[in-house]
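In: Here is my input, please return the structure:
(2 chains)
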Amino acid sequence: MSDKPVKFYSKDKEHQKAEKLLRESLAQAEQEHQLVQSEGAEDELEELPKLKGQSKKKSLLRRLFWPALSAFVVIAAGYEAIQFVSSLVQTHWLLGSVVGVIAGAVVVSGGYMLLKGWRARRRFKERQQQQKQFAALLHKNSYGQATGKLDNLSAEIDEFVDIRELKQQYQKRKQQVHNDQELIQIYSNTVLKGLDKMAIDIITKHAAEAAAMVALSPLAAADMALVAWRGSKMIEQLSHLYGCPQTALSRLEMTKKVFKNMMLAGASELAADAGVELLGKGLTATISTKAAQGIGVGLLVARMGLQTMHLCRPVVFDANSKPKLSEIRKSIYSKVAGLVKSASGADNAVDKKEQGKS
Amino acid sequence: MDWLDKTLTKVNDLWERSLDRHIRIAVTGLSGAGKTAFITSFINQILHASTEQQLPFLEVATEGRLKAAKLELHDELHVPAFKYHQCLESLTAEPANWPASTTSISQAQLKCRYQIKSQWLSKVQEQSHLTIDIIDYPGEWLLDLPLLALSYKEWSQQCSQFLQSERRRKYTQQATDAIAQLEFHREFDEVDGSGQLSELAGEYRKALLEYRYSEGDNSIALPGRFILPGELSGAPVLDFFPIINADVLSLDWSSLEERSLLKSLERRYNYYRQQIVKPFFEEYFAKVDRQILLVDTTTVLESGYESYQDLKKTIEQLLAGFSYGRSNWLKRLFSPSIDKLMIATTKVDLIPPDQHANIESFMQKMIAQAKNDVGYEGVEVDTMAISAVTTSEPVSTEHDGEALLCVKGLDTETEESVLHYPGKIPTSSLSRNEWQHLAIDFSPFGIPQLNADEPLPYIRMDKVLQFLLGDKFS
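Out: Presented below is the predicted three-dimensional model:
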């Protein structure tokens, strides 16, 4: 290496070498860029730096525990069941075969339920994936990728809900020149908006019912059971509506997720909701404590319902279309207030009767 | 109780009027950008919106709140009316023609009846009116704005610099020679000499216009009314030209006599500034709420690097009015009220839909700096690729074994169906070298048969309407 100044012209081999290296590095950068883009389209939109080592990697032995335990229980139960049936066969062949058939039915139906649960779970996971894909397309200026995806989605929803009219609306509004972003927005504003309306109706119905039941129920323990029952029923109906039906088994997971999301819901949203509730407290307190409890439970169920909508809707809500608790709150109030009024009306009638008697 | 009834109706009237809304939208663009077609489509879409539901992105229409709309005579009766029906007729006639282009200012008024969205307001009054005034004026007039700050001498200096370039000299040599021979200090008779003056001014104007059309340069060669005089055609106010003699420019003009030729020219220039340009901007900046600027990016892509740079400069000048319109001297002169500006690239129906994003981003790059300046002043700016009246439909085909998205339309001459692929449109600005290798061809299509009773086919007009009007329908 010398320290003297030197120039390389394009005929020199140093110059050519430098050009070649530059081209290669450019080509490589482009390739990487494309790779990242295609990956980004496939799974994740966010490419924020993540904390390493924070992932939930448990050690092998810890992970082994639950599968091992369940396998052990299943084998033990199976073995015991076979022994039980064979001992019954030894007692009398008819008794044995009847019990055997029953056991077989248990195994078959259980297996069927497991299979359905597994499929529902997979569907739910696919839905989460869909949400991510649509969100990615909404931020890109691409063309021609959304049509197929939206048609698939329509087919999925069509299995459970009659959306012919909504689909017609969508077909009428879309143009061939619309890009992916516009198509998804139109789909969201027609088909999904129609579903949202139905979903809000379902939530309102269940929340109002739960509120009324709790307001009337005499037992605190029954309240909890009521919430669980109405809540799970509502989640089932909502998930059906959006085309990813959930069964009891998978619903557990979903319920877990719903509660988790409710916990994590943005502070602002919570604050707004709390404000709304506080505002109503004056009214509710005057009705009665029990009615207030009922309204509280109704609001809880409604919030569960809204979170389920967020989880199941294939295209996430934007700031304008987000359903609000206030829409449902009114009907819960009116339902409970109506109940209390009629109850107090009946009370008054009874009082008057008694007065008349005496 | 007659007076009580009267008062009640009056109160009611006042209420209604206070809830009614009024919006003025100015449409501009350099000639050939498609202003007339845009306004025709604008009016057409609004008139059909309540019954046809053809505007998926206009919220008030999809929510079913737009009850009815009608075209009315505007309040400013001295402004010529936009001839909507004639334009529509020429589009739907046999054979169809593009409506005649804008040469002057014109105005149209639309009235919409809509349902109020706000829960509180709708308790007071369920429905309200929105009056939309659409003002159409040549973009060239906007280029006059800098004149307000220039004296005749400064303007002359600027022009003589501008005329020095080799490219322009070819066209203007004759006219400038004639101007240079004039004796400016000589006494000038306004009545006898005006014929000679107007002849000379006409020559100067013609030379620059010729340059402008053959070179495609839209920049500041001329005051805006020289290009499109509107109702001023032939008026003596347009009979002036810059002084290009270096020796005269270096003189002190205050010692000259009032009756000299130079003073006469200066008077005309000042009159033009004070009586033509200033009132226009006063009216325009103080009253307009929303502005849409149409840019024909397709034509500039077809021509070369030079005209691209020219267009870029011109648009920067057009937009300068909006950015310094909110600060310093202009703010003191007029109080601007524009709060939203849309810059739309027109005629994208000549481009396959998968490349709309490309042309939009190409235009965004072209206007980036100007857009930034305008945005800094608090004006909301958006860009879009639109087509006011679509003449084509996208079709996919196979070419050289690969899928290719084209547009299908009618050939302008033979009227037979033709597929067209314009080439790969660049997404960002190009260097001089890259421009030379750019292979792009946007051949226009003939107008297909349009039904006068149906809304005109469009691309993204609904999004434009939502941006310009959406918030007023609340």
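In: Near chain B, which residues of the stretch 101-250 of chain A are found?
Out: Within reach of chain B by Cβ under 8 Å from any Cβ of the partner chain, the stretch 101-250 of chain A has these residues: A:141-144, A:172-179, A:182, A:185-186, A:189-190. Every C-beta, even on glycine, is put in place using the N, C-alpha and C of the backbone.
In: helices and strands around the helix or strand encompassing residue A:231, which ones?
Out: Element membership for residue A:231 (DSSP states H and E) is helix A:220-241. If you count contacts as 3 or more Cβ pairs under 8 Å, 6 or more residues apart in numbering or on different chains; DSSP states H and E, helix A:220-241 packs onto helix A:193-216, helix A:248-264, helix A:289-312.
In: State the mean pLDDT of the shortest one.
Out: Put plainly, it is helix A:248-264. Here the mean pLDDT over helix A:248-264 is 68, rounded to a whole number.
In: Give me whichever of the helices and strands packed on helix A:220-241 is most buried.
Out: Of all those, helix A:289-312 has the most neighbours on average by mean count of other Cβ atoms under 10 Å in any protein chain shown, namely a mean of 23.
In: Next one: residue B:36 from residue A:205, what distance?
Out: Note on residue B:36: its distance to residue A:205, by Cβ to Cβ, to the nearest Å, is 55 Å.
In: Please pull out the lowest mean pLDDT helix or strand from chain B.
Out: helix B:328-333 (a mean of 58; mean pLDDT, DSSP states H and E).
In: C-terminal to it, what's the next element?
Out: Using DSSP H and E, the helix or strand that follows helix B:328-333 in sequence is strand B:340-345.
In: Quick one: mean pLDDT for the helix or strand following that next one?
Out: Per DSSP H and E, the first helix or strand lying C-terminal to strand B:340-345 is helix B:356-376. Average pLDDT, helix B:356-376: 88.
In: What residues sit buried inside helix B:356-376?
Out: B:356-363, B:366-367, B:370-371, B:373-374 (16 or more other Cβ atoms under 10 Å in any protein chain shown).
In: Widest-spaced pair of these?
Out: Greatest spatial distance in the buried residues of helix B:356-376: B:356 and B:373, 25.8 Å, computed using Cβ to Cβ.
In: how far away is the residue of the stretch 101-250 of chain B found nearest chain A from residue B:126?
Out: Nearest to chain A, among the residues of the stretch 101-250 of chain B, is residue B:119, at 10.7 Å (Cβ to the nearest Cβ). Distance from residue B:119 to residue B:126, counting by Cβ to Cβ: 11 Å.
In: Ok, residue B:41 next?
Out: From residue B:41 over to residue B:126 (counting by Cβ to Cβ), the distance is 30 Å.
In: Output the below-cut-off pLDDT ranges for the stretch 1-150 of chain A.
Out: Along the stretch 1-150 of chain A, segments meeting pLDDT under 70 span A:1-2, A:33-58.
In: show me what contacts the residue nearest the centre of chain A?
Out: Against the mean C-alpha coordinate of chain A, by Cα atoms, centre = their mean, the closest residue is residue A:311 at 2.8 Å. Residues in contact with residue A:311 (Cβ atoms under 8 Å, 6 or more residues apart in numbering or on different chains) are A:127-128, A:254, A:257-258, A:261.
In: Can you tell me which of these is nearest chain B?
Out: Distance ranking of these against chain B, using Cβ to the nearest Cβ, places residue A:127 first at 25.2 Å.
In: The closest one touches residue A:239, doesn't it?
Out: No. With contact defined as Cβ atoms under 8 Å, residue A:127 does not reach residue A:239; the gap is 9.0 Å.
In: out of these two, which sits in the busier spot?
Out: Legend: neighbour count by other Cβ atoms under 10 Å in any protein chain shown for residue A:127 and residue A:239, higher for residue A:239 (25 against 20).
In: Test my guess that the more buried one contacts residue A:253.
Out: No. Between residue A:239 and residue A:253 there is no contact, the gap being 11.6 Å when judged by Cβ under 8 Å.
In: Mutual contacts of those two, please.
Out: Common neighbours of residue A:239 and residue A:253 (Cβ under 8 Å, 6+ apart) are residue A:124.
In: Scan the chain for its longest helix.
Out: Picked chain A for this. Identified as the longest helix of chain A according to DSSP state H is helix A:93-138.
In: should've been chain B
Out: Under DSSP H, chain B gives helix B:190-215 as its longest helix.
In: helix or strand right after that one?
Out: Counting by DSSP H and E, the element after helix B:190-215 in chain order, helix or strand, is helix B:224-227.
In: Let me see the domain layout of chain B.
Out: Following automatic domain parsing, one gets these domains for chain B: B:18-142+B:280-390+B:449-473, B:150-277, B:393-436.
In: So which of those domains is the most surrounded?
Out: For those, the highest mean count by mean count of other Cβ under 10 Å goes to domain B:18-142+B:280-390+B:449-473, at a mean of 19.
In: roughly how far out does it sit from the chain middle?
Out: With Cα atoms, centre = their mean, to the nearest Å as the basis, domain B:18-142+B:280-390+B:449-473 stands 9 Å off its chain's centre.
In: Surely residue B:33 is in a helix?
Out: No. Counting by DSSP: H, G, I helix; E, B strand; the rest coil, residue B:33 is not part of a helix but coil.
In: ok now do it, which residues does it touch?
Out: Taking Cβ under 8 Å, 6+ apart, we find residue B:33 in contact with B:139, B:294-296, B:346.
In: Can you spell out which helices and strands pack onto the longest helix of chain A?
Out: helix A:13-42, helix A:60-91, helix A:146-158, helix A:180-187, helix A:248-264, helix A:289-312.
In: roughly how far is it from the heart of the chain?
Out: Averaged C-alpha coordinates place helix A:93-138 at 18 Å from its chain's average position (Cα atoms, centre = their mean).
In: tilt between it and helix A:146-158?
Out: Inter-element angle recorded for helix A:93-138 and helix A:146-158: 150 degrees (by axes from the mean of the first three to the mean of the last three Cα atoms, to 10 degrees).
In: what pLDDT does the residue of the stretch 101-250 of chain B closest to chain A get?
Out: pLDDT, residue B:119: 76.
In: For it, list the residues it contacts.
Out: Going by Cβ under 8 Å, 6+ apart, the list of residues near residue B:119 is empty.
In: pLDDT on stretch B:141-152, on average?
Out: In this model, stretch B:141-152 has a mean pLDDT of 81.
In: Export it to PDB, keeping only CA atoms.
Out: The C-alpha trace of stretch B:141-152 is given here as PDB (Å, rounded to 0.1, in the frame of the first residue of the first chain):
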ATOM      1  CA  TRP B 141     -54.200  33.600 -13.600                       C
ATOM      2  CA  LEU B 142     -52.700  32.300 -10.400                       C
ATOM      3  CA  LEU B 143     -49.300  32.900 -11.800                       C
ATOM      4  CA  ASP B 144     -49.900  36.700 -11.600                       C
ATOM      5  CA  LEU B 145     -49.600  36.700  -7.900                       C
ATOM      6  CA  PRO B 146     -45.900  37.600  -7.800                       C
ATOM      7  CA  LEU B 147     -46.700  40.700  -9.900                       C
ATOM      8  CA  LEU B 148     -48.400  42.300  -6.900                       C
ATOM      9  CA  ALA B 149     -45.100  42.700  -5.200                       C
ATOM     10  CA  LEU B 150     -43.100  43.900  -8.300                       C
ATOM     11  CA  SER B 151     -42.900  47.400  -9.600                       C
ATOM     12  CA  TYR B 152     -42.800  47.900 -13.400                       C
END
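In: wait, what's in contact with residue A:130?
Out: Contacts for residue A:130 (Cβ under 8 Å, 6+ apart) come out as A:149, A:153, A:314.
In: In ChimeraX, how would I select the buried members of these?
Out: Buried subset of the contacts of residue A:130, written as a ChimeraX selection, criterion 16+ other Cβ under 10 Å:
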select /A:149,153,314
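In: any idea how far residue B:127 is from residue A:135?
Out: With Cβ to Cβ as the criterion, residue B:127 and residue A:135 are 37 Å apart.
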